[in-house]
Each structure stands twice: as structure tokens, then as C-alpha cells.
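Visitor: okay, predicted coordinates and the sequence, questions at the end:
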Amino acid sequence: MIEFKDKAGKDRTATFHNSISTLPIKQYQLVQKFSLIDLGVGSTLHDVNRHLTKLDQFLEAKDYDSLALERQNLQLNFSFLLDEQVIPLYVLASMVETLDGNNITITKESDVDYYYELFETSTLTYGVVSNIVESQKKSLVTN
């Protein structure tokens, strides 16, 4: 459970699914989608450096197909950065189970967008989001 203040200053609480067995199918698919984007493309400067390193490796190996794909991933990474999108926050928003004690139903991306905006404009920090997402992703994989 996390506690935070929304943009109006209201105290809020949220819980997140911690087992793959409790995650509804549609929500599971959304978590997987955003986790895949986070893993493959990313949205941070660290991810940009990772892509640049891979570009150099593929160029040195003359692996032009992989080089082209990595260039596309780098371009998407830059797009996320410039659009100020935080992919781990999408993962977190996809895993919401309850908000203020009420069960949440997430079945489509627009549902995720609502919780993304709620968290984005709240007092949550990137560190809190990142820690929760990493912890939750590990538990989803191991259960």
C-alpha cells in the first residue's frame, strides 16, 4: 500500500496486485505490454546510453538489421523522454488493485491513463514508483 496526496491535496491510498494469480487477464496483458516497453525501449537517459552502446556493438559487428531495430528503439526512447512519459508509471498504473479502499477494474489503456495521470500529478516520487514497479514485476514473474 502507498499513501500520497493527489493534485488537490487530498490524502489517497492505493494497493497493487502482488501475485499473477490475482491479476485479471486484461490487466495482466496491460502490465506485460508496458513492462515490455520499459524493458526494451525505456524512457530514461540511462536507457539512451544503453541504446547507444548497443548501436556501437551492432555497427562494429556489421549487424545492420539489429542496428536498424536499435535505432528505432532509441528514437522511441527519445520520444518518451521528450513527451515526458514515464513508462514505469504506466506499469504501476496497470497494477492498481484498490484506490482508497475501492476495488479497481482496469480493462483498457484509457483506464491505465486515468491512474497514470492521478499518480503523475500526485506527491509520488520517481524513486517510489520505480521501487514498487521493480518489486511488483519480480513478484509477478516468480508467482
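Guide: That came through, no problem.

Visitor: out of the helices and strands in this protein, which is least certain?
Guide: Lowest on mean pLDDT, DSSP states H and E among the helices and strands of the chain sits helix 126-142, with a mean of 81.

Visitor: now it: how far from the chain's centre is it?
Guide: When distances are taken as CA atoms, centre = their mean, to the nearest Å, helix 126-142 is centred 9 Å away from the chain's centroid.

Visitor: now do stretch 29-41
Guide: 7 Å.

Visitor: just give the number of residues close to Ala14.
Guide: For Ala14, the count of nearby residues is 24 (other CB atoms under 10 Å). (Glycine included, C-beta is placed from N, CA and C.)

Visitor: before we move on, what about Val129?
Guide: Close neighbours of Val129, defined as other CB under 10 Å, add up to 19.

Visitor: quick check: closest non-adjacent residue to the residue nearest the centre of the chain.
Guide: For the chain, the residue nearest the mean C-alpha position is Pro88 (2.5 Å; CA atoms, centre = their mean). The shortest distance from Pro88 to any non-neighbouring residue, by CB to CB, 6 or more residues apart in numbering, is to Val133 (4.6 Å).

Visitor: near that neighbour, how many other residues are there?
Guide: Neighbours of Val133 (other CB under 10 Å): 24.

Visitor: wait, it sits on Ala93?
Guide: No. Contact between Val133 and Ala93 fails when scored by CB atoms under 8 Å: they sit 10.0 Å apart.

Visitor: rewinding a little: I'd like the next helix or strand past the host helix or strand of the residue nearest to the centre of the chain.
Guide: Applying DSSP states H and E as the criterion places Pro88 in helix 87-94. Where DSSP H and E defines the elements, the next helix or strand beyond helix 87-94 is strand 96-99.

Visitor: and that next one, what does it pack against?
Guide: strand 11-16, helix 109-120 (3 or more CB pairs under 8 Å, 6 or more residues apart in numbering; DSSP states H and E).

Visitor: mind giving me the domain ranges of this protein?
Guide: Per the record, the chain has its domains at 1-41+85-143, 44-83, by automatic domain parsing.
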